[in-house]
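J.: Here's a sequence, model it:
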Amino acid sequence: MNNMNKVHLLTLLLKLLKTKKQLGNPLSSILGCKSYIFDEQFNTSDIKQNIDKRFKFKTDLKEREELTSYDPKKTEEILLWFQTHKCKTPTEKLIFENIPYNSTYEWLQMVNESSFIQNLLYYSNLIIEPVFVTSFICVITCIFIYYLLMVNFKLRLPLLSFVNILKNSILIRNNFIKMVLTRIKDAKYVLLISLLLCFINFGIHIYNVTSLVKDTEILYDKIKLFKRQIQEMRNISERLCEMKNETVDYFMEKLKVKDENFYERSVDKWFLLTNRGRIISDYFKIANKKNKLGKLFQLNGLCSYVKL
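T.: Model prediction:
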């Protein structure tokens, strides 16, 4: 009897070693495989009995592509990436500094997960910020020119009247601005500095937009990988084990809103630029659901057990 117990324990130990080798991350063996390797309840549960029975009598299941191509380690890595910031690289952590209302507060989750709000915030930042900065530079330039005009010609012209003169000069296309620039040398330098600041602001904005596109591409690729891995787990649980999983169905439903093939295509910079709001909201639809992610860890443990 003791020898039988030793053999049984040795078998469990070998399963553990194989699974840890597959999953790699120590956290994976705790979250994903604990209930399938150590828990005695699982050894007597209907789930395990059904799995063992199916694979005992249908040995061809082990050779199915759904199982042979499945990589539990890759699944664990992508689940951990969404579960915690600890598994993100320093570069990846910087992505979330450019996301407004990136918070764990529950009352902000509706904001985070709304593609409409995320698009609104994103386009506001994309358009309003450079317009505001440029307008501010123009206002300061006008004030400086107004001051120089008052000092050089010793006028007492109200600021509002000066603004109206500038406006009419632009609309009517008279020579007022040209006259000011010709008569007041300092005004030329003020205008040149203002134009230089506008170009610098435009250049900085283009750089920031390029960085946002790169950040969006990282998020898109991570969500794409997440969707592919949970689809593979669904194939194993439904086709091989004949078990439905509500958690996988939940995430798949969330990620196919309006366009089922949104994460099944090759993308360019324009696509990422115009769809950043939705991609951000989809990230939060995954990352905010910690309990459901925990269930996916368990499902991955089940798939690992099946693969063994």
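J.: Is residue 208 within a helix or a strand, and which one?
T.: Using DSSP states H and E, residue 208 falls within helix 185-235.
J.: any idea of the mean pLDDT in that helix?
T.: Average pLDDT, helix 185-235: 88.
J.: Contacts only, for the residue sitting nearest the centre point of the chain.
T.: Nearest to the mean C-alpha position of the chain, by Cα atoms, centre = their mean, lies residue 219 at 3.6 Å. Taking Cβ atoms under 8 Å, 6 or more residues apart in numbering, we find residue 219 in contact with 95, 279-280, 283. Where you see a C-beta, it was placed from the backbone N, CA and C, and this is true even at glycine.
J.: packing partners for the helix or strand following the helix holding residue 208?
T.: Per DSSP H and E, the first helix or strand lying C-terminal to helix 185-235 is helix 246-255. When contacts are defined as 3 or more Cβ pairs under 8 Å, 6 or more residues apart in numbering; DSSP states H and E, helix 246-255 packs onto helix 185-235, helix 276-287, helix 290-307.
J.: ok, and what's touching whichever helix or strand comes after helix 246-255?
T.: Counting by DSSP H and E, the element after helix 246-255 in chain order, helix or strand, is helix 269-274. Residues from elsewhere that reach helix 269-274 (Cβ under 8 Å, 6+ apart): 209, 212-213, 216-217, 220, 279.
J.: So residue 285 is in contact with residue 254, correct?
T.: Yes. The criterion here is Cβ atoms under 8 Å, and residue 285 meets it with residue 254 at 4.9 Å.
J.: Looking at those two, which is more packed in?
T.: Neighbour comparison, residue 285 and residue 254: the larger count goes to residue 285, with 20 against 16 (by other Cβ atoms under 10 Å).
J.: ok, now how distant is that one from residue 218?
T.: 17 Å (Cβ to Cβ, to the nearest Å).
J.: And residue 120, by the same measure?
T.: Where residue 218 is concerned, residue 120 sits at a distance of 22 Å (Cβ to Cβ).
J.: The two: which is more packed in?
T.: Applying other Cβ under 10 Å to residue 120 and residue 218 shows that residue 218 carries more neighbours, namely 15 against 12.
J.: list the contacts for the more buried one?
T.: Shown in contact with residue 218 (Cβ under 8 Å, 6+ apart): 92, 95.
J.: Now a PyMOL select for only the buried ones of the contacts of helix 269-274.
T.: The PyMOL selection below is limited to those of these classed as buried (16 or more other Cβ atoms under 10 Å):
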select buried, resi 212+213+216+217+220+279
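J.: what's the most distant pair in the contacts of helix 269-274?
T.: 209 and 220 (16.0 Å; Cβ to Cβ).
J.: Show me the domain layout of the chain.
T.: 19-105+219-307, 123-205 (automatic domain parsing).
J.: With adjacent residues omitted, what lies nearest to residue 157?
T.: In this structure, residue 157 finds its nearest non-sequential neighbour in residue 150, 6.9 Å apart by Cβ to Cβ, 6 or more residues apart in numbering.
J.: per-residue confidence for that neighbour?
T.: With respect to pLDDT, residue 150 has a value of 76.
J.: Now name the helix or strand holding it.
T.: Per DSSP H and E: helix 115-153 holds residue 150.
J.: Count the residues that sit near residue 166.
T.: Neighbours of residue 166 (other Cβ under 10 Å): 16.
J.: you'd agree residue 234 is up against residue 248?
T.: Yes. Look at residue 234 against residue 248 with Cβ under 8 Å: they come within range, at 4.6 Å.
J.: can you tell me which residues contact residue 215?
T.: 94-95, 98.
J.: Which among the residues you listed count as buried?
T.: 95, 98.
J.: Closest to residue 291 out of the contacts of residue 215?
T.: Using Cβ to Cβ, residue 95 comes nearest to residue 291 of these, at 24.0 Å.
J.: Next one, pLDDT for residue 63 please.
T.: 68.
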